[in-house]
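Enquirer: after the sequence you'll find the predicted model.
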Amino acid sequence: MSFIAVIPARAASTRLPGKPLLDLCGKPMVVRTAEQASLSKAAQVVVATDEQAISDAVQAHGFTALLTRADHATGTDRLSEVVTQLRLDDDAIVVNVQGDEPLIDPALINAVAARLTACPEAAIATCATPINDSETLFNPNAVKVVCTHDGKALYFSRAPIPWARDALADGQRRLAPGIPALHHIGLYAYKVSFLKQFPGLPVGPLETFESLEQLRALENGYAITVLVTDGYPAAGVDTQADLDRVRGIFANRL
């Protein structure tokens with residue numbers, strides 16, 4: 001198994017401006033994330049950014065940074081530019097590691113890359129974990145996925161899927177016993193051939209209404225294989241409370 005890890009990082013954030021460069025016990029968050037990714041089996045770790053300051057900080061800590069255009073609509077579009085800059089072969093694998101996940105488990109990075117390697121007919125591999133509470137099932141911010149018997153994604157939705165018709169007939173929000181409900185985890189491995197095609201793929205109504213970028217692949221006929229994990233990975237940093245929590249974790253480590 002061979003793959004590279006790419007960390008898209010841009011400064012724009014409505015809740016935490018300048019998030020990639022926020023300090024985590026002496027190092028910027030994006031650098032801490034790159035350090036975690038470097039503990040995986042990735043042959044190379046690359047930070048892709050549209051900010052010179054982020055690029056400078058990454059390189060000052062010994063990691064590779066690529067400057068990309070500032071007008072990319074999505075992180076996947078940024079990855080597409082990266083694989084072109086790096087001149088990667090079509091059959092190469094890229095794992096997208098979010099820049100605000102300094103606690104990401106390197107073993108999970110390896111696992112999603114291995115999943116794509118083992119499923120040559122898929123263009124993308126991602127992760128999910130079983131849902132064990134009704135609050136998550138009915139939370140529109142928790143994306144759900146349903147799969148085929150062999151683990152390929154049928155659909156992603158913010159709605160509670162699958163819908164337990166009989167158990168929910170009385171209108172109560174509950175988790176039906178044994179329901180195969182899965183919470184999608186936003187870690188992706190991509191075939192480079194798909195990333196090269198992605199910017200030209202039309203945006204369909206499913207992606208538009210659900211506001212889920214991965215539906216573009218399904219709407220255009222690409223297969224996504226889903227690795228089901230036993231539990232949730234460490235949460236990323238989206239709010240000041242998240243930042244305080246992660247700073248405490250790193251302070252304890254050090």
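Expert: Alright, I've got the coordinates.
Enquirer: in the protein, which spans are helices?
Expert: With helices called from DSSP state H, the chain shows them at 29-38, 52-60, 75-86, 106-117, 134-138, 192-197, 205-210, 215-219, 240-253.
Enquirer: so which of the ones you listed is the most surrounded?
Expert: Ranked by mean neighbour count, those are led by helix 29-38 with a mean of 24 (mean count of other C-beta atoms under 10 Å). The C-beta positions use only the backbone N, C-alpha and C, and glycine is treated the same way.
Enquirer: which elements pack onto that helix?
Expert: Helices and strands touching helix 29-38, by 3 or more C-beta pairs under 8 Å, 6 or more residues apart in numbering; DSSP states H and E, are strand 4-9, strand 44-49, helix 52-60, helix 106-117.
Enquirer: so how far is the third one off the chain centroid?
Expert: Yep, that's helix 52-60 we're talking about. Centroid displacement of helix 52-60 relative to its chain, using C-alpha atoms, centre = their mean, to the nearest Å, is 22 Å.
Enquirer: give the other helices and strands that it contacts.
Expert: Contacts defined by 3+ C-beta pairs under 8 Å, 6+ apart place helix 52-60 against strand 27-28, helix 29-38, strand 44-49, strand 64-67.
Enquirer: go on, the last one?
Expert: Packed against helix 106-117 by the contact rule (3+ C-beta pairs under 8 Å, 6+ apart) you find helix 29-38, strand 93-96, strand 124-130, strand 182-191, strand 224-228.
Enquirer: and of the ones you listed, who's closest to Asp23?
Expert: helix 29-38 (7.8 Å; C-beta to C-beta).
Enquirer: low-confidence bits of the stretch 101-250 of the chain, can you list those?
Expert: Within the stretch 101-250 of the chain, no range satisfies pLDDT under 70.
Enquirer: can you rerun that using 90?
Expert: For the stretch 101-250 of the chain, the stretches flagged by pLDDT under 90 are 230-236, 238-239.
Enquirer: grab the nearest non-local neighbour of Ala53.
Expert: Using C-beta to C-beta, 6 or more residues apart in numbering and skipping residues adjacent in sequence, the residue nearest Ala53 is Leu21, 6.5 Å away.
Enquirer: domain assignment for the chain?
Expert: According to automatic domain parsing, the chain comprises the domains 1-101, 105-233.
Enquirer: can you put the ones you listed in TSV and add distance to Arg247?
Expert: Converted to TSV, the domains of the chain look like this (distance: least, C-beta to C-beta, whole Å):
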stretch	distance to Arg247
domain 1-101	6
domain 105-233	19
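Enquirer: of these, which stretch is the most buried?
Expert: Of all the domains of the chain, domain 1-101 carries the top mean neighbour count, a mean of 19, counting by mean count of other C-beta under 10 Å.
Enquirer: C-alpha coordinates for stretch 79-95, PDB please?
Expert: Presented in PDB, the C-alpha positions along stretch 79-95 are these (Å, rounded to 0.1, in the frame of the first residue of the first chain):
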ATOM      1  CA  LEU A  79      -6.700  18.400  -4.000                       C
ATOM      2  CA  SER A  80      -7.200  18.300  -7.700                       C
ATOM      3  CA  GLU A  81      -4.800  21.100  -8.200                       C
ATOM      4  CA  VAL A  82      -2.300  19.500  -5.800                       C
ATOM      5  CA  VAL A  83      -2.200  16.200  -7.700                       C
ATOM      6  CA  THR A  84      -1.700  18.100 -10.900                       C
ATOM      7  CA  GLN A  85       1.200  20.100  -9.400                       C
ATOM      8  CA  LEU A  86       2.800  16.900  -8.100                       C
ATOM      9  CA  ARG A  87       2.200  15.100 -11.400                       C
ATOM     10  CA  LEU A  88       0.900  12.000  -9.600                       C
ATOM     11  CA  ASP A  89      -0.100   8.900 -11.600                       C
ATOM     12  CA  ASP A  90      -3.800   8.200 -12.100                       C
ATOM     13  CA  ASP A  91      -3.700   5.100  -9.900                       C
ATOM     14  CA  ALA A  92      -2.000   6.800  -7.000                       C
ATOM     15  CA  ILE A  93      -3.900   7.200  -3.700                       C
ATOM     16  CA  VAL A  94      -4.300  10.500  -1.800                       C
ATOM     17  CA  VAL A  95      -5.800  10.700   1.700                       C
END
